[in-house]
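Visitor: Provide a 3D model corresponding to the input given below.
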Amino acid sequence: MDFLNLIPLIIVLVAAWLSFYFSMKARRTKDAKQQGLMRSRMNMSIGVGLITIACIQLFLFEFTWTRFIVGIIFLLLGIANIYGGIRNHVQIMKFMNQ
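Guide: Numbers count the residues shown, from 1 in each chain. From the prediction side, this is the model:
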């Protein structure tokens, strides 16, 4: 296995670990602001993982329509997760600074 093929795998594993970490941290805290902050970070981590999986499907394997459709779906879901996470993170940070 080539080193360049290992990079997306490492990114997916780190994103999965970060999403698990932020999920557990959000569940254990009692402060609603901190929970929202951790959940927004979890969304961003999931989005990065989904986008990386989409890139793996689209670019590292031979082209089939099934892979293409699954890759596009994962890409759109990843973009939506990152967008929602960033939006929520900014709103919560504004609320915390007031």
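Visitor: how about low-confidence regions in the chain?
Guide: Residue ranges of the chain with pLDDT under 70: 1.
Visitor: quick one, longest helix in it?
Guide: helix 65-97 (DSSP state H).
Visitor: tell me what it is packed against?
Guide: Applying 3 or more C-beta pairs under 8 Å, 6 or more residues apart in numbering; DSSP states H and E, one finds that helix 65-97 makes contact with helix 32-55. The way it works is simple: take the backbone N, C-alpha and C, and place the C-beta from them, glycine included.
Visitor: which outside residues touch the helix it packs on?
Guide: Residues outside helix 32-55 that contact it (C-beta atoms under 8 Å, 6 or more residues apart in numbering): 8, 11-12, 15-16, 18-19, 22-23, 25-26, 29, 71-75, 77-86, 88-89, 92-93, 95-96.
Visitor: got the buried residues for it?
Guide: Buried residues in helix 32-55, counted by 16 or more other C-beta atoms under 10 Å: 35-55.
Visitor: could you check the angle it makes with helix 65-97?
Guide: Relative orientation of helix 32-55 and helix 65-97, computed by axes from the mean of the first three to the mean of the last three C-alpha atoms, to 10 degrees: 160 degrees.
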